[in-house]
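A.B. asks: Fold the following, please.
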Amino acid sequence: MSVNVRAMTCSPRAVFDVLADGWLYPGWVVGASRMRDVDASWPSEGSRLHHSVGVWPLLIDDETVSVEWHPPHRAVVRAKGWPIGEACVTVDARPRDSGCVVRIQEEAVEGPGSWVPRFLTDPLLSVRNRETLRRLAYLAEGREQNGER
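C.D. replies: Presented below is the predicted three-dimensional model:
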């Protein structure tokens, strides 16, 4: 399981405001290219984000399903990215000093990606999720500084 942690200069609420806006998904998730639709009930458990992964013209339409939603501290999704497979992704946020600490954990749970040994996949996921957390920080910190919700 790949685990990344980042200190952010915003509240956990600001982080979860970004997570709750499904249309922002490609803005912070590395690999997501565009949104096609967001269930009206997003991010309630069982709701879905309909996104595409890849680069045009090689785009794959897929989805991410909300598994747990406990703002402003914990969210769990099942991200689909076939033909690679599916991953369980957990985002936790905890208050700290004048901001928060956000941890993202990702583990391949189905498909070809889950067959590859962790010692090979974890370093790649770690690099990707370091950038994912950086993008999430830009959005959450920027929105909070500008008074957006």
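
A.B. asks: Can you spell out which helices and strands pack onto the host helix or strand of Y138?
C.D. replies: Assigned by DSSP states H and E, Y138 belongs to helix 118-145. Here helix 118-145 touches strand 2-8, helix 12-20, helix 25-28, strand 99-110, going by 3 or more C-beta pairs under 8 Å, 6 or more residues apart in numbering; DSSP states H and E. C-beta here means a position set from N, CA and C on the backbone, and glycine is covered the same way.

A.B. asks: I'd like those as CSV, with distance to R78 and mean neighbour count appended.
C.D. replies: Formatted as CSV, these follow (distance: least, C-beta to C-beta, whole Å; neighbours: other C-beta atoms under 10 Å):
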stretch, distance to R78, mean neighbour count
strand 2-8, 16, 17
helix 12-20, 15, 22
helix 25-28, 14, 18
strand 99-110, 7, 19
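
A.B. asks: Specify the stretch among those that is closest to H70.
C.D. replies: Closest to H70 of the helices and strands packed on helix 118-145 is helix 12-20 (C-beta to C-beta; 9.2 Å).
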